[in-house]
Structure formats: structure tokens, C-alpha cells
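Peer 1: below are the sequence and a predicted model; questions follow.
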Amino acid sequence: MVFGISPAYDNILHCMVKSDFLMKTQNTILSAAFVLALSAGLNAVLGFVKSRLLARHFGVSEDLSVFYTADRIPNLIYSVLVIGALSTIFIPIFNGIYKKNKTGAWKAASSIINASVVFFMFIGGVMYIFAPQIMQILSVNKFTPVQVQLGASLMRIMLIGQFILIISSFLTSLLQSFKYFLIPAIAPIIYNLGMIVGIVFLSPKFGIYGPTWGVVLGAILHLAVQIPLLKRINLKYTFIMDLKDKGIREMCALMPPRILSVLIANVLYTLNNSLAILISTPSVIFLKFASQLQFFPVNLFGISIASAALPTLSLESEDLDDIKKNGEAKDPYEKFKKTFLTSFLQMMYLVIPAGVMMLVLRVPLVRLVYGVENFPWEATLETARTLGFFSLSIFAQSAVYLITRAFYSLKDTITPVKVSLVTIFINVLLSLFFIYGFKWGVWSVALSFSITSIVDMSVMFWLLSRKVGGFELGKLFVSFSKIALSGASMALSLYLFMKLLDLTVLDTSRTINLVILCGIATGAGFFSYLAFTKLFQVDEVAILYKLAKKFRIKGLAAEEKPSVIQEKLVE
């Protein structure tokens with residue numbers, strides 16, 4: 001078996017040739033992933049702009065550290081409801097019911113939405129009341145009483161924004177269930193624009209409250225941009241909350257393990273934030289900025305491909321019972337495994353070189369994104385060092401999103417929780433050992449996170465393989481090794497090229513020269529990676545030929561005809 005592109009990957013960008021493509025569905029995994037990746041890239045750029053503006057207005061200040069700490073709890077509640085329920089469980093359940101009973105599906109969706117809103121109002125109310133005590137705990141008693149009260153006020157405002165964002169995220173999941181990806185993908189971009197407006201126009205007068213109210217404005221815009229598309233799906237929302245509904249009972253049965261899994265992940269981020277405070281208050285900012293940079297390729301390629309694959313994986317899993325019952329195939333998981341492996345290897349083909357660039361260009365990238373007057377050189381070095389250790393696990397972090405969604409499409413929410421419980425325990429122990437045992441800096445938190453991310457990916461992949469009757473690990477290992485070897489070769493050439501430019505050609509103390517260095521090095525890195533993947537006969541390179549053909553890029557489109565294997569990949 002060749003790990004090629006499954007039928008779901010055909011006609012990558014066909015939906016974008018229509019004049020009204022904003023309102024079109026994305027019916028293939030890669031077309032949906034392309035839309036999500038493009039919007040994620042734009043959103044990430046806005047995120048960097050937002051962080052740079054925050055650094056310019058507040059620098060390495062205590063107010064900014066308090067802001068990021070206060071954001072942890074609203075973010076936690078949002079993640080539990082949206083990531084824990086909507087993005088992975090709601091879509092497969094809604095699709096399954098809608099396929100058999102459209103009226104019942106809308107009733108189930110209404111009940112789920114209303115129950116989630118009530119849940120948020122209860123939990124959010126508790127957090128609102130006890131915000132000062134929560135801030136005291138999060139800061140591990142390192143914040144002053146004034147900082148604790150400031151953090152409590154910021155947290156309460158953010159909770160308002162999260163309430164609006166949760167309602168909007170339900171609309172996102174409904175639209176994605178019908179394979180409308182573009183407008184929902186634009187919504188986070190609008191959200192970031194709202195925050196930027198708050199920073200630019202409100203911060204001069206209201207200080208750190210400016211970006212906080214920007215969160216609320218961004219949430220309102222996130223909701224507003226999706227409303228016009230609801231007519232396309234014939235939304236039938238009702239004010240009911242039937243707790244006996246089959247859909248809500250099925251979701252409630254699947255949610256606890258998933259919520260626990262998300263809770264564990266967010267507790268880990270919160271603990272890392274608190275561990276950074278133990279090192280120093282500014283370390284919170286270094287960790288946040290480095291995490292944001294390394295999350296760019298994870299979001300751009302990892303989450304985009306995983307999110308785009310979920311509807312197809314869930315639909316293929318729905319057909320498993322019929323396939324098994326009718327004995328239509330020797331391996332009932334054949335289509336499911338091919339879709340998963342295609343998504344996995346395409347993801348690795350994209351995230352590994354991205355991780356390499358983050359590792360090699362870490363210092364120039366930090367200087368370009370956060371290099372303002374209020375962000376000193378020492379802060380740049382500490383953030384870059386932290387980014388370097390984060391970048392070691394970018395491929396693993398991305399893979400975990402896809403593997404987890406594969407489990408959820410099979411309606412197994414328990415296995416990921418079991419693995420997460422073990423890995424978070426390892427992560428905390430390693431972090432504490434590095435901080436208290438070796439007295440290492442905030443970069444050690446990133447190191448422990450990378451180690452446990454790789455362990456998490458490896459264990460989860462092995463368990464998924466067992467669940468679906470086994471992957472062809474030999475061929476998978478060969479394909480992955482070729483990509484990894486190409487990435488390692490690219491790292492060496494990129495490093496040598498960057499050093500040559502830095503030492504002999506460009507004076508990188510000037511911003512314009514730094515931009516030129518990063519641009520030339522990135523371009524050289526891309527073409528070297530392309531050359532190595534072609535040299536090592538990496539099958540996944542065929543996707544570049546197809547993209548080049550779609551966009552009529554002369555350099556790639558004029559390449560020699562792909563090999564027989566590559567021809568099969570794009571059939």
C-alpha cells in the first residue's frame with residue numbers, strides 16, 4: 001500500500017474558483033485544510049502584531065504578566081466547552097443524527113447549546129465571584145494585593161468576552177458540520193482585529209484594560225461575521241433543553257473524558273505559567289511569547305489538517321458498523337486508515353520544515369516579532385532560547401491533534417485522557433526537577449513540555465494502531481524517516497547559509513538587514529527542503545506539484561513529470 005492521497009483529497013482548490021467561494025462548502029480534506037491553514041496564517045500574523053503592540057505599550061511589565069495570568073481561567077472555561085465538546089464531539093454526533101433524522105439533529109443541537117450556556121453561566125459565575133482568590137492561587141502568592149485585584153478585574157471582563165465567544169463557537173461547529181470552513185475560519189481573524197483595536201485605541205487612556213475590553217469587542221465581531229451564513233444551513237434553533245434527548249445523552253456520555261483531557265492540557269499550561277512566575281515575573285511574558293511563536297506552525301498545519309480531517313473521519317467511522325455487518329471488506333478500517341495516514345504524513349511533510357525554521361531562526365524571529373524598545377536584548381535571548389526548546393516538539397504537538405481527533409471520530413474519548421494523565425504528571429515532575437534541581441531558566445519549562453509531547457504522540461499513535469487493526473508501520477516508518485532526514489539536511493544547510501549571511505554579508509543590527517536575512521534564509525531553506533525531499537524520493541512532495549498546477553506557479557509547475565508513485569498520489 002502506498003500512503004497516498006485518498007479520494008477525499010482530490011480537487012484541492014476547486015471550491016475557490018467560484019465567484020462566491022466565501023459561501024461555498026469545502027468538500028475535501030485538503031481544500032478545507034487549505035482554507036483553515038490560510039486563515040490560521042493570517043490570524044497568527046495578527047496575533048504577532050497584537051503581541052508586538054502589547055510589548056510596545058507595556059514592555060516586560062508586571063501589568064502584562066498579570067494580564068496573561070488573568071487570561072488563564074477564562075481561556076480554561078472556553079477550552080473545556082469549545083475544544084472539549086464542540087470541536088471534536090459535537091460534530092460527529094450531529095453528523096450522525098442529521099444523516100438519519102434532520103429534525104432530531106436540530107433539536108439535539110439546540111439542547112446541547114442551551115445546556116452548555118447554562119453550564120458556562122454557572123461556572124463563570126463562580127469564577128467571577130472568587131476571581132481574587134483564584135488570582136492569588138495562580139500567582140503562587142507572588143503577586144502583590146494590588147496586582148491580585150487588578151488581575152481579578154481583568155478576569156471578570158474577559159469572562160464576558162468568553163461567554164459571547166462560546167455562543168459564536170457553536171455556530172462555527174454547525175457551519176463546519178456542513179463543510180463551510182471559510183467564514184468560520186475568518187471569524188478568529190476578526191476576533192484578533194477587535195483586540196488590536198482595544199490595544200491601539202484604548203490602551204493609551206485605560207492602560208491594561210484596553211486590550212481586555214478588546215477581548216469583548218473581538219468576541220462580538222467573531223459572532224457577527226458568522227450570522228449571515230446561517231441561512232445556508234437552515235438553522236432551526238429552539239429554546240429547549242431536553243436532557244433525555246438521544247444526542248445530548250450521547251454527548252454527555254462522551255464529554256467527561258474529553259473535558260478531562262482538555263482540562264488536563266489547560267491545567268498544564270496554567271501550571272507552566274505558575275512555574276514561570278516561580279522563576280521570575282517577566283518569565284511569564286517570555287514563555288507566552290515563545291509559545292505563541294512555536295504555535296504558529298502547529299496551528300497553521302497541525303490543527304488545520306486535523307480539523308479538516310475530522311468530518312471525513314467521523315463519517316467513515318459511522319459506516320464501520322455497516323461494513324462489518326455486511327462483510328464488504330476484509331479490513332473494515334481500510335478507508336479510515338488511509339484517510340488518517342494521508343493526513344498524518346502530509347502534516348509531517350509541512351510541520352517538520354516549519355519546526356526546523358523555528359529552531360534555526362529563533363533569535364532573528366524573536367527580534368523581528370517582539371523587538372521593540374520596551375523589549376530588551378536579554379528578554380529577546382531568553383524568549384529565543386525558550387522558543388528553541390519548544391520547536392523540538394512542533395511535529396509531535398501537531399500530530400497529537402490529529403491522533404486525538406481520530407480517537408474521537410471512533411467515539412473513544414477515554415484513551416486520550418489516560419495518556420494525558422500520565423504525560424502531565426511527567427511534565428510537571430520534569431519542570432520542577434529542572435527548576436529546583438538544576439536552577440534552570442524558563443526555557444526548561446519548554447524542554448519538559450517538548451519531551452512529554454513526543455511521549456504523548458508516540459503512545460497515542462501506538463494505541464490507535466492497535467485499535468484499528470494495525471498500520472503498515474514499516475512503510476510508515478520509511479515515509480516518516482525520509483521526511484525527517486530531509487528536515488535534518490535542511491537544518492544544516494539553513495544554519496550554514498544564515499551564518500554566512502550574518503558574518504560576511506549583512507549587518508543584522510539593522511532591522512531591514514534582519515528582514516532580508518530571514519527572507520533569504522527562509523527561501524533558501526524551502527528550496528533546499530524541496531531538493532532533499534526530491535532526492536530522497538519523498539512521496540508527499542507530489543502535493544506541491546498539484547498546488548503548483550492549481551496556482552500555475554512556473555517554478556514548480558515546470559518541473560519534470562512526477563514519478564509513477566507520485567502520479568498515483570494525486571489520482
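Peer 2: Happy to help now that I have it. Numbers count the residues shown, from 1 in each chain.
Peer 1: from Ala306, how far off is Val459?
Peer 2: 18 Å (Cβ to Cβ, to the nearest Å). The C-beta positions use only the backbone N, C-alpha and C, and glycine is treated the same way.
Peer 1: low pLDDT regions in this protein?
Peer 2: 1-37, 83-88, 247, 251, 254-255, 257-258, 261, 319-330, 542-571 (pLDDT under 70).
Peer 1: any idea which residue sits dead centre in it?
Peer 2: Centroid-nearest residue in the chain: Asn299, 3.5 Å away (criterion: Cα atoms, centre = their mean).
Peer 1: contact partners for that residue?
Peer 2: Listed by Cβ atoms under 8 Å, 6 or more residues apart in numbering, the contact set of Asn299 reads 40, 43-44.
Peer 1: swap the cut-off to 10 Å and go again
Peer 2: 36-37, 39-41, 43-44, 47, 188, 292, 397-398, 401 (Cβ atoms under 10 Å, 6 or more residues apart in numbering).
Peer 1: just give me the closest of these to Arg72.
Peer 2: Gln292 (14.5 Å; Cβ to Cβ).
Peer 1: in this structure the closest one contacts Lys50, no?
Peer 2: Yes. With contact defined as Cβ atoms under 10 Å, Gln292 and Lys50 form a contacting pair (9.2 Å).
Peer 1: circling back to that earlier point, out of the contacts of Asn299, who's the most crowded?
Peer 2: Ser398 (30 neighbours; other Cβ atoms under 10 Å).
Peer 1: ok, now which ones touch that residue?
Peer 2: Applying Cβ under 10 Å, 6+ apart, the residues near Ser398 are 297-306, 344, 347-348, 350-352, 354-355, 453, 457.
Peer 1: so which helix or strand takes in it?
Peer 2: For Ser398, the element it lies in under DSSP states H and E is helix 394-409.
Peer 1: buried residues in that helix, which are they?
Peer 2: 394-409 (16 or more other Cβ atoms under 10 Å).
Peer 1: ok, those residues vs Gln147, which is closest?
Peer 2: Gln397 (31.2 Å).
Peer 1: tell me who's in contact with that closest one.
Peer 2: 294-295, 297-299, 302-303, 351, 355, 390, 449-450, 453-454, 456-457.
Peer 1: from Pro311, how far out is the residue nearest to Lys99 when sequence neighbours are not counted?
Peer 2: Distances taken as Cβ to Cβ, 6 or more residues apart in numbering put Glu318 closest to Lys99, at 7.0 Å, once the chain neighbours are dropped. Going from Glu318 to Pro311 by Cβ to Cβ gives 11 Å.
Peer 1: for Pro74, same thing?
Peer 2: Pro74 is 28 Å from Pro311, by Cβ to Cβ.
Peer 1: Val419 too?
Peer 2: Taken as Cβ to Cβ, the span from Val419 to Pro311 is 24 Å.
Peer 1: neighbours of the closest residue to Met358 other than its chain neighbours, how many?
Peer 2: Among residues not flanking Met358 along the chain, Ser391 sits closest, at 3.9 Å (Cβ to Cβ, 6+ apart). Using other Cβ under 10 Å, Ser391 has 24 other residues around it.
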